[in-house]
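1. Quick one: sequence and predicted model below, then my questions.
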Amino acid sequence: MEAAGPSSPTIPAAPARSSLLPTYWRDPEYLRSVPLTSRTALDYFSLSHFFDQESTNQVLRMQNIANPQAQMPGMGKSARQQEEELKRFQGIEFVLVHSREPTGKEAVEKGDESLYVVQKRRRTSPTQTAVLETYYILNGNVHVAPDLETVLQNRLVTALDSLRASLSLARAAQARPIAPPSARIDDAKKGKSGKAMSAASGTTLGAEAVREAAAEGGAAGGAQDEDEELMEGGARSSPAPPPANSKKRPYPIASILEAPPPRQSSWSLSSLWPSSDPPPSSPLSTVGSLFTTAHHYAFSTPLGTAVTSCLVTATSLVVYWRYFRRLRSTEYVTPRDLQWRGRMLTGTCTHIGDADGFRLYHQPGPVGLRSLLFPVPKTAKALKDETLSIRLAGCDAPELAHFGKEAQPFAAEAKEALRGLVEGKTVRCDVAHVDQYRRLVATPYVWAPPYVLGRTNVSLKMVQLGLATVYRQAGAEYGAAGWLSRVLFKSKSGLGRLERAEEMARRRRRGMWSQGKGLESPAEYKKRVKREK
């Protein structure tokens, strides 16, 4: 009767994956009476608790309440017609942006799923909207689309749980130990020939066969000495094969496996520990073994492959969100974006609005690939709603003529100076915050020849030229101090060097300071214009 093998290790079950969509809404009665199409999707969505009763869609529905044909399901206006009507209003609106319907009898028989995507937007003008939330209707179930943070968190938690389960499986899968050679020799002396069993290979080798193989291979004492040298780690070449006419078999491997323990008189590294206790394992070897097991498990099992795919996907999304996602306009900028990007945005200046502001086409990515990945459009139509409005931090330039008010002296010169500094060039902006006019208040930097002198602070350069003053109103930002100011003056803000540059321009009567006592600063000009209103 064969001995039973070792019991299979229990595979730990992976934790249940947390759902990204914990709640949804469904109306079976409506679906039984009205087919769900692109014309009825918004009507069906308006019945759910996700719909805002104060939205402009509800206003349109109340305006059409006197039209019985418009109130019939499926007889109303299309999604494009409804979106055109919503442009007349400002506020919260719901728009159907995508629809996928199973068409044909074969698609219905296959069970193809219907999908409708609805966006919740805030409209500020007929051409400007900001997406607040996204919903989708899948086979009649209305779900809230998860944001990127929730998706990444769920994928990372699932991957870590699966990895922990795989490591537990690796620790549980332990083979039965092999009986030591001394025990097998004792069994052979007691007459149990051929019954010594190896749990790892399942083969048996009798003691009589061992002694016969040792006698035919050479003297027993010499073989034992050679075995002892091999077990003690001594380097030894293999014995020469016997002649062709010899009946002796080659040196048997069994004599090595069944060799007695080494003599106590000879010293070896194994004598430092008792024969019953193995040498302690190194922490590095344990970590390496776990890493090897995890690596093998990750690429040889379906669960490991799925975990690896999730980790690669999550890492790719993080890298894309951090380094390669382009910000189309200020509406897309959030405090988290500025935190992830280290408050630095790089792009090309496409237009100069006034003497202290310009438009920036954001170009993320590595230095050598920005222009290839995100080339700047050539036409004004293509650039519409694709640039960021930048306001120079720390400086205030003369105001141009606007709203029927006269321009300040040196306003045109300041605008031309800013044009020469940044227009058409790669600009790196250290963003501080977003002001009340949805502009990014930032300190721009450009690289100008000779490049060995480092980058040029545009705000500081405008103050040095006498074409701007230091901005000292509410919400002022001055950027970080230069390395020289940090070393000499222990300064952390750029206010000190801006004030020193302003004082130097005043002494040398540069730019607007050449007017002397008749100078009206941009801040004083704004106060006067505000009083005149």
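-> That came through fine.
2. Pull the number of nearby residues for residue 506.
-> 15 (other C-beta atoms under 10 Å). Any C-beta I mention is one placed from the backbone N, CA and C, and that applies to glycine too.
3. quick one: it and residue 512 touch, right?
-> No. Using C-beta atoms under 8 Å, residue 506 is not in contact with residue 512; the gap is 9.6 Å.
4. list the residues that contact both of those two?
-> Both residue 506 and residue 512 are contacted by residue 466, under the criterion C-beta atoms under 8 Å, 6 or more residues apart in numbering.
5. Let me see the ranges of the strands in the protein.
-> Under the criterion DSSP state E, the chain contains strands at 91-100, 115-123, 129-138, 141-144, 344-354, 357-362, 388-392, 395-396, 426-434, 440-446, 456-457, 469-470.
6. For the protein, which helix or strand comes out least confident on mean pLDDT?
-> Here the helix or strand of the chain ranked lowest by mean pLDDT, DSSP states H and E is helix 254-257, holding a mean of 42.
7. And the contacts of stretch 123-131?
-> The contact list for stretch 123-131, computed with C-beta under 8 Å, 6+ apart, reads 56, 86-91, 93, 119-122, 331, 385.
8. Kindly indicate the member of those with the most neighbours.
-> Of these, with other C-beta under 10 Å as the count, residue 93 tops at 25 neighbours.
9. so that one bridges to which residues?
-> residue 121 (DSSP bridges).
10. For it, give me its contacts.
-> Per C-beta under 8 Å, 6+ apart, neighbours of residue 93: 55-57, 86, 120-123, 129.
11. so what are the domain limits for the chain?
-> 28-145, 148-173+284-324, 206-257, 330-532 (automatic domain parsing).
12. most neighbours per residue, which of the ones you listed?
-> Compared across the domains of the chain, domain 330-532 shows the largest average neighbour count, a mean of 17 (mean count of other C-beta atoms under 10 Å).
13. Looks like residue 427 contacts residue 442 (just checking).
-> No. Assessed by C-beta under 8 Å, residue 427 is found out of contact with residue 442, at 9.2 Å.
14. what residues do the two have in common as contacts?
-> residue 390.
15. Just the pLDDT at the nearest residue to residue 508 once chain neighbours are set aside, thanks.
-> Nearest residue to residue 508 in three dimensions, chain neighbours excluded: residue 466, at 7.7 Å (C-beta to C-beta, 6 or more residues apart in numbering). Looking at residue 466, its pLDDT stands at 95.
16. what sits against residue 466?
-> With C-beta under 8 Å, 6+ apart, residue 466 has these contacts: 410, 505-506, 508-514.
17. next one: residue 317
-> Counted by C-beta under 8 Å, 6+ apart, residue 317 has contacts 148, 151-152.
18. do residue 475 as well
-> Neighbouring residues of residue 475 by C-beta under 8 Å, 6+ apart: 433, 435, 441.
19. Equivalent analysis for residue 143, please.
-> Each residue near residue 143 by C-beta under 8 Å, 6+ apart is listed here: 21, 24, 135-137.
20. Mind listing the residues bridging to it?
-> residue 136.
21. For stretch 145-153, which outside residues touch it?
-> By C-beta under 8 Å, 6+ apart, stretch 145-153 touches 20-21, 117, 133-136, 154, 314, 317-318, 321.
22. Columns distance to residue 49 and pLDDT on top of those residues, output as JSON lines?
-> Shown next, in JSON lines, are the contacts of stretch 145-153 (distance: C-beta to C-beta, whole Å; pLDDT from 0 to 100):
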{"residue": "20", "distance to residue 49": "19", "pLDDT": "49"}
{"residue": "21", "distance to residue 49": "15", "pLDDT": "55"}
{"residue": "117", "distance to residue 49": "18", "pLDDT": "93"}
{"residue": "133", "distance to residue 49": "13", "pLDDT": "89"}
{"residue": "134", "distance to residue 49": "16", "pLDDT": "91"}
{"residue": "135", "distance to residue 49": "11", "pLDDT": "92"}
{"residue": "136", "distance to residue 49": "16", "pLDDT": "90"}
{"residue": "154", "distance to residue 49": "23", "pLDDT": "79"}
{"residue": "314", "distance to residue 49": "31", "pLDDT": "91"}
{"residue": "317", "distance to residue 49": "30", "pLDDT": "88"}
{"residue": "318", "distance to residue 49": "33", "pLDDT": "86"}
{"residue": "321", "distance to residue 49": "30", "pLDDT": "82"}
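23. Could you single out the nearest of those residues to residue 494?
-> In terms of C-beta to C-beta, no member of the contacts of stretch 145-153 lies closer to residue 494 than residue 321, at 29.4 Å.
24. any idea how far residue 327 is from the closest one?
-> For residue 321, the distance to residue 327 (C-beta to C-beta, to the nearest Å) stands at 11 Å.
25. Could you double-check that residue 352 sits in contact with residue 417?
-> No. Between residue 352 and residue 417 there is no contact under C-beta under 8 Å: 10.1 Å.
26. before we move on, back to that, any idea which of the domains of the chain has the lowest pLDDT on average?
-> domain 206-257 (a mean of 47).
27. Pull the contacting residues for residue 94.
-> Counted by C-beta under 8 Å, 6+ apart, residue 94 has contacts 42, 45-46, 51-52, 55, 57, 118-121.
28. okay, how far is it across stretch 503-520, tip to tip?
-> The straight-line separation of the ends of stretch 503-520 (C-alpha to C-alpha, to the nearest Å) is 16 Å.
29. no wait, stretch 455-469
-> First-to-last residue span, stretch 455-469, C-alpha to C-alpha: 21 Å.
30. re earlier: which one of the contacts of stretch 123-131 is nearest residue 293?
-> When these are compared against residue 293 (criterion: C-beta to C-beta), the nearest one is residue 119, at 46.6 Å.
31. wait, what's in contact with the closest one?
-> 94-95, 97, 131, 133-135.
32. In this structure residue 374 contacts residue 346, no?
-> No. With contact defined as C-beta under 8 Å, residue 374 does not reach residue 346; the gap is 10.3 Å.
33. who touches both of those two?
-> Shared contacts of residue 374 and residue 346, counting by C-beta under 8 Å, 6+ apart, come down to 362-364.
34. and the closest residue to residue 511 other than its chain neighbours, backbone torsions?
-> Ranked by C-beta to C-beta, 6+ apart and with sequence neighbours excluded, the top spatial neighbour of residue 511 is residue 466, at 2.7 Å. Backbone torsions for residue 466, taken as degrees, to the nearest 10, come to phi 80, psi 20.
35. if I look at residue 466, how far off is residue 417?
-> From residue 466 to residue 417 the distance is 10 Å (C-beta to C-beta).
36. And for residue 149?
-> 43 Å.
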